[in-house]
Every structure is written in C-alpha cells, then in structure tokens.
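Peer 1: After the sequence you'll find the predicted model.
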Amino acid sequence: MTGAVAKPTIGIIGTGAIGGFYGMMLAQAGYDVHFLLRSEFRAVAERGLQLHSAVHGALTLNPVQAYSAAEDMPPCDWLLVGAKTTSNRDLAPAIVQAAAPNARVLLLQNGLDVEDSLRELLPDALHVLGGLCYICVHRQGPGVITHQALGAVHVGYHSGPAADDPSRAAIVEEGAGLFRAAGIDAQAMANLHQARWQKLVWNIPYNGLSVLLGASTTPLMADADSRELITSLMAEVIQGATACGHEVPAGYAEQLLQVTQRMPDYWPSMYHDFLHKRPLELEAIYARPLAAAKAVGCELPRIEAMYRSLSFIDRRNT
Ligand SMILES: NC(=O)C1=CN([C@@H]2O[C@H](COP(=O)(O)OP(=O)(O)OC[C@H]3O[C@@H](n4cnc5c(N)ncnc54)[C@H](OP(=O)(O)O)[C@@H]3O)[C@@H](O)[C@H]2O)C=CC1
Ligand SMILES: CC(C)(CO)C(=O)C(=O)O
C-alpha cells in the first residue's frame with residue numbers, strides 16, 4: 001500500500017473551446033479524461049485534439065478518449081460541462097448516464113443561475129457546481145482550439161447532498177485543486193451567485209456589443225463612444241448586483257478595463273455563436289440578471305435595451 005489516492009476520472013460534456021482546453025490540460029496533467037463530442041466527433045476520433053496556446057505552447061492529444069454517446073463513457077467522478085447554456089436542459093440525460101454515484105457536475109459557463117434548469121433534471125445524489133472561466137479561447141476548426149490569453153477558473157458550490165459549509169467547501173477545493181494540478185490558476189468562491197454577477201460585469205458589455213457593433217475588444221476599447229457604452233453598462237451590472245445583495249469589489253470595473261486593454265484583440269464567444277448562426281446565450285447573460293434585478297425593484301435600462309436588440313438579432317439569425 002502506497003497510500004496514494006487514485007485520481008478522479010473526468011468527463012467533458014461538450015468538447016468545444018472551453019471543454020477542449022481544460023480537458024486537454026487535465027489529460028496532460030495525467031488525469032483520465034473522457035470527451036463527449038457531437039459534430040466534431042469523427043474529426044477528433046481520427047486526428048485528436050490540438051491546442052495552439054499563447055500561454056502553454058502547442059499541444060496535441062492523440063489518441064483522444066472520444067465518445068459520440070454518453071452511454072459509452074465510463075462512470076466519471078467529475079463532469080465538466082463545456083456546452084453553451086442554451087443546451088443545458090438537453091444535456092441532462094448524458095450527464096446522468098456518465099455520472100458516477102455522488103459525482104460532481106461542474107458547469108464551466110457564463111451567466112446567472114445557469115445551474116437551475118439542469119439541477120431539477122438531475123438526481124439528488126449529484127453535486128452541482130459552477131465555474132467561471134476567465135479565459136480567451138475559441139474553436140479554430142474541428143478539434144483545433146486557439147488559446148489567446150488568461151485561463152483562471154473560479155469555482156463555487158450550487159446544490160446537492162453536501163449539506164453544511166465545511167463539506168461544500170471541501171468539494172469546491174477539490175474542484176479548484178484539479179485545475180491547479182494541471183497548472184491552471186483556480187480559486188474557490190464562497191458564494192457562487194456573487195461570483196456569477198461579478199463575471200457578468202465583463203460579459204454583459206463586451207459579449208453583446210461584439211454582436212451589435214460587429215467589433216472585437218481592441219476597436220471597442222479604442223473608440224470613445226463604445227468605451228463610454230462599456231463603462232456605463234459595467235456600472236449598471238454593478239448596480240444590479242448590489243441591488244441583489246452582492247458586493248462587487250471597489251474598482252473592479254476599472255480593473256476589468258485595464259485587463260481588457262492589455263488582452264490581445266478578442267472576439268467574445270457570443271460573437272462566434274452569432275457568426276455560426278447558433279443561438280446566443282441571452283437568457284443566461286441578459287434575461288436572468290435583468291429579471292433578478294427587477295424582482296428587487298431595480299431597473300437596468302441600458303442592459304434591457306441591449307437585451308431586446310440582441311433578441312431581435314438572435315431570432316433572425318438562427
Ligand atoms: N470561449 C471562451 O473564451 C469563454 C467561454 N465561456 C463560456 O463557456 C461556455 C462554453 O463556451 P465555448 O467553449 O466557447 O463554446 P463552444 O461553442 O466552443 O463549445 C460548445 C461545445 O458543446 C458541444 N455540445 C453542445 N451540445 C452538445 C451535446 N448535446 N452533446 C455533445 N456536445 C454538445 C458543441 O458541439 P457542436 O460543435 O456539435 O455544437 C461544442 O463542441 C459558454 O457558457 C461560454 O459563455 C466563458 C469564458 C470564456
Ligand atoms: C474575456 C474574458 C477573459 C473576460 O473575463 C472571459 O472570460 C470571457 O470571454 O467570458
């Protein structure tokens with residue numbers, strides 16, 4: 001007996017930019033990682049996954065433990081959901097199928113309350129967690145992922161059998177620990193709601209403006225009018241978060257502007273969805289924060305106008 005603890009088996013549900021990037025990093029760190037794919041299954045089964053990373057260099061994973069059906073996957077201790085929030089309800093059967101008893105299901109997604117619609121379709125024994133990914137990554141082609149910058153993951157507990165704070169905290173730490181073991185900066189978040197609101201301070205302005213103005217971060221930051229829009233939208237998100245009882249650290253918006261200014265030119269994931277005529281994550285990123293703020297008497301008129309404009313575009317695009 002060596003006393004060594006076996007590494008958990010990890011399943012990636014939705015191997016796109018996020019699922020592919022974090023799955024590859026975990027596989028490279030020695031984890032047993034199984035990837036569920038849909039349209040790119042054949043390409044990845046034949047040619048593997050490739051990562052072109054400005055941070056980690058070029059990586060190839062070949063062969064890949066790739067699956068086109070969850071029934072073929074082994075029971076996984078951790079399931080990382082990397083699909084868009086628009087497919088969460090549809091993914092429940094695959095998650096149930098691939099989950100080991102007491103598995104931890106971590107949604108690596110943007111937006112507010114994205115766990116709720118999935119949670120009600122999952123067995124009580126499964127732990128559901130949320131993860132906020134601070135990263136610039138996109139799919140360049142089937143099984144080919146480009147990573148431009150950053151990479152940190154903030155993990156928080158949503159719901160499940162861990163009834164008290166110490167056991168929840170231990171599971172969140174376990175999740176953050178997976179990423180750290182793979183060389184990725186990860187933080188445990190005491191309050192998932194607060195963490196989700198905080199991430200929206202970036203996503204609400206930039207995701208939507210990239211579609212509405214057809215512009216990536218560098219021109220959005222360079223132009224006085226779009227920059228004014230960004231800062232006023234950020235202020236509204238913070239107003240909504242505060243009204244809902246979530247404190248955003250002082251100076252946070254300014255810090256995000258500086259980070260964005262230093263980032264390479266970046267098209268947010270919503271723009272890629274628009275370009276490929278996929279549904280936009282409007283419910284998660286706009287409708288739910290607006291509804292939550294409205295429920296406590298807080299109107300967010302700029303975000304509301306943005307949401308209605310994006311809804312119009314989305315209906316005509318898909
Ligand atoms: N990209 C980024 O830099 C960041 C993204 N995020 C968030 O991360 C989440 C994921 O985004 P991203 O990785 O960019 O999205 P992608 O579109 O790159 O990836 C989504 C993947 O999920 C797959 N998928 C969807 N439904 C199923 C299904 N039923 N079965 C199997 N696979 C499925 C898609 O397959 P198919 O090709 O068949 O559609 C695709 O491979 C989003 O919530 C986004 O907002 C957060 C921070 C940064
Ligand atoms: C660009 C970045 C890093 C902003 O936090 C991001 O995580 C996103 O696109 O959602």
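Peer 2: Received, thanks. Ligands and ions are numbered 1, 2, ... in the order given.

Peer 1: need the residues of this protein near ligand 1, please.
Peer 2: Proximity of the chain to ligand 1 is confined to 14-19, 36-40, 82-85, 87, 90-91, 108-110, 133, 135-139, 269, 281 under the rule C-beta under 6 Å from any ligand atom. Any C-beta I mention is one placed from the backbone N, CA and C, and that applies to glycine too.

Peer 1: Any of those residues buried? List them.
Peer 2: 14-19, 36-37, 40, 82-85, 87, 91, 108-110, 133, 135-139, 269, 281 (16 or more other C-beta atoms under 10 Å).

Peer 1: OK, contacts around residue 13?
Peer 2: Residue 13 sits next to 19, 36, 70, 79, 80, 81, 82, 83, 91, 94, 95, 98 when contact means C-beta atoms under 8 Å, 6 or more residues apart in numbering.

Peer 1: Excluding chain neighbours, what is closest to it?
Peer 2: For residue 13, ignoring the flanking residues on the chain, the nearest one in space by C-beta to C-beta, 6 or more residues apart in numbering is residue 81 at 4.7 Å.

Peer 1: Check residue 265 too.
Peer 2: residue 218 (4.0 Å).

Peer 1: can you count the residues close to that neighbour?
Peer 2: Number of residues near residue 218 (other C-beta atoms under 10 Å) recorded here: 14.

Peer 1: Doesn't it belong to a helix?
Peer 2: Yes: per DSSP: H, G, I helix; E, B strand; the rest coil, residue 218 lies within a helix segment.

Peer 1: Quickly note the distance from it to residue 178.
Peer 2: Note on residue 218: its distance to residue 178, by C-beta to C-beta, to the nearest Å, is 33 Å.

Peer 1: Then residue 50?
Peer 2: For residue 50 relative to residue 178 (C-beta to C-beta), the value is 22 Å.

Peer 1: Residue 110 too?
Peer 2: Remark: distance between residue 110 and residue 178 (C-beta to C-beta) = 20 Å.

Peer 1: now swap in residue 69 and tell me
Peer 2: Noted for residue 69: a distance of 25 Å to residue 178, by C-beta to C-beta.

Peer 1: higher neighbour count, these two?
Peer 2: Between residue 69 and residue 178, counting by other C-beta under 10 Å, residue 178 is the more crowded of the two (25 against 11).

Peer 1: quick one, phi/psi of the closest residue to ligand 1 within the chain?
Peer 2: Scanning the chain for the residue nearest ligand 1 gives residue 16, at 1.7 Å (criterion: C-beta to the nearest ligand atom). Taking degrees, to the nearest 10, you get phi -110, psi -140 for the backbone angles of residue 16.

Peer 1: what's it in contact with, if anything?
Peer 2: Shown in contact with residue 16 (C-beta under 8 Å, 6+ apart): 82, 83, 84, 139.

Peer 1: what number of residues lie near whichever residue of the stretch 101-250 of the chain sits closest to ligand 2?
Peer 2: Of all residues in the stretch 101-250 of the chain, the one sitting closest to ligand 2 is residue 202 (4.1 Å; C-beta to the nearest ligand atom). Applying other C-beta under 10 Å, we find 22 other residues in the vicinity of residue 202.

Peer 1: from what I can see it touches residue 256, true?
Peer 2: Yes: using C-beta atoms under 8 Å, residue 202 is in contact with residue 256, at 5.3 Å.

Peer 1: Overlap of the contact sets of these two?
Peer 2: Residues touching both residue 202 and residue 256 by C-beta under 8 Å, 6+ apart: residue 234.
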